[in-house]
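In: My questions concern the predicted model and sequence given below.
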Amino acid sequence: MKKNTGIWIDHREAFLVTTEGETTSMEHVASGADSNLKPSGGWKAGGTSVAQSIVKEKSAEESRMHQYHAFFQQIIALLGDSDSIALFGPGEAKGELAKEIRSNHDLQNKITAVETCERMTENQLIAKVKAYFGAGK
């Protein structure tokens, strides 16, 4: 029996809908990444405020990238033995996840779609995944 997984993702959360025969399940994964991460720290004796601001932004961006990487790895671990994977979402997260999945040798050829779509209710997402994979026909 074929196991298909559709994922709606943005940088805050992901919803995984898995269909296997007549069985459908859904999982929610929160990223834990703070997209508005504000680096802490104050004025230092050396350097200009502009230079310090750039360094703070750079370390905040690095921190966010590590958080996103951990988030994507958590999702990949949940994909397990999926035969086909479809990615949906409004922003760049779906493409970033696709890149992470493609670097995983077990899953690299299983992505069948990367589509832009806005936020949906759980029922709309389940219906979209079932329609995409042709479940229930």
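Out: Yep, that arrived. None of the values given here were measured: they were computed from a predicted structure.

In: And the next helix or strand past the lowest-mean-pLDDT helix or strand in the chain?
Out: Lowest on mean pLDDT, DSSP states H and E among the helices and strands of the chain sits helix 49-79, with a mean of 79. Next in sequence after helix 49-79, counting helices and strands by DSSP states H and E, comes strand 84-89.

In: Hey, what's the angle from that following strand to helix 49-79? Just curious.
Out: 150 degrees (axes from the mean of the first three to the mean of the last three CA atoms, to 10 degrees).

In: distance between strand 84-89 and the chain's centre?
Out: The chain centre lies 10 Å from the centre of strand 84-89; the measure is CA atoms, centre = their mean, to the nearest Å.

In: and what of stretch 65-81?
Out: Worked out by CA atoms, centre = their mean, stretch 65-81 lies 7 Å from the chain centre.

In: What of stretch 114-132?
Out: 15 Å.

In: Sort out which residues of that stretch are buried, please.
Out: 114, 125, 126, 128, 129, 130, 132 (16 or more other CB atoms under 10 Å). Where C-beta positions appear, they are placed from N, C-alpha and C, glycine not excepted.

In: packing partners for the least confident helix or strand of the chain?
Out: strand 3-9, strand 13-20, strand 23-30, helix 93-102 (3 or more CB pairs under 8 Å, 6 or more residues apart in numbering; DSSP states H and E).
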